[in-house]
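Asker: model this:
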Amino acid sequence: GKKLMEHPNYGFLGTCPSNLGTGLRGSVMIVLPELNKDVHKLEEICASFDLQPRGSSGEHSAAVGGKWDVSNKQRIGFTEVQLVQKMIDGVKKLIALEEE
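Answerer: As a prediction, this is how the structure comes out:
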């Protein structure tokens, strides 16, 4: 099994395709009480910024008190710096929308 799982150039094979590439998931815990009122709208907004909102306790959980774990959706084709910057830029836009 280990020979199948590890490649000298590509590293370890994971079980989740979303972790291909750098595998970097930068995230921010943020309270969004206004955007939390319409979760579908929040998900659409996040998707437009290549972000993924998760509930307070992780994927497929509720956002207790409007607290969200927001992370970069993309993992492939970008450097670690690019992925973190995309997450920062998207979260700044979410904050601006929340404050409108």
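Asker: measure the residue nearest the centre of the chain to residue 41 for me?
Answerer: By C-alpha atoms, centre = their mean, the chain has its centre lying nearest to residue 71, at 2.2 Å. According to C-beta to C-beta, to the nearest Å, residue 71 and residue 41 sit 18 Å apart. Heads up, the C-betas are built off the backbone N, CA and C, glycines and all.
Asker: for residue 76, same thing?
Answerer: Separation of residue 76 from residue 41 (C-beta to C-beta): 27 Å.
Asker: Against which helices or strands is the helix or strand harbouring residue 28 packed?
Answerer: Element membership for residue 28, per DSSP states H and E: strand 27-31. Contacts defined by 3 or more C-beta pairs under 8 Å, 6 or more residues apart in numbering; DSSP states H and E place strand 27-31 against strand 67-72, helix 80-99.
Asker: The last one relative to strand 67-72, how many degrees between them?
Answerer: What it means is helix 80-99. 140 degrees (axes from the mean of the first three to the mean of the last three C-alpha atoms, to 10 degrees).
Asker: Helix 80-99 to strand 27-31, inter-axis angle?
Answerer: 10 degrees.
Asker: cool, the first one as well?
Answerer: Between the axis of strand 67-72 and that of strand 27-31 there is an angle of 150 degrees, by the same axes, to 10 degrees.
Asker: Tell me how many other residues surround residue 88.
Answerer: 13 (other C-beta atoms under 10 Å).
Asker: Can I get the strand holding residue 28 in CSV, CA atoms only?
Answerer: The C-alpha coordinates for strand 27-31 follow below in CSV (Å, rounded to 0.1, in the frame of the first residue of the first chain):
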residue,chain,number,x,y,z
SER,A,27,-9.6,29.6,6.9
VAL,A,28,-11.1,32.4,9.1
MET,A,29,-13.7,32.1,11.7
ILE,A,30,-16.0,35.1,11.2
VAL,A,31,-19.4,36.2,12.6
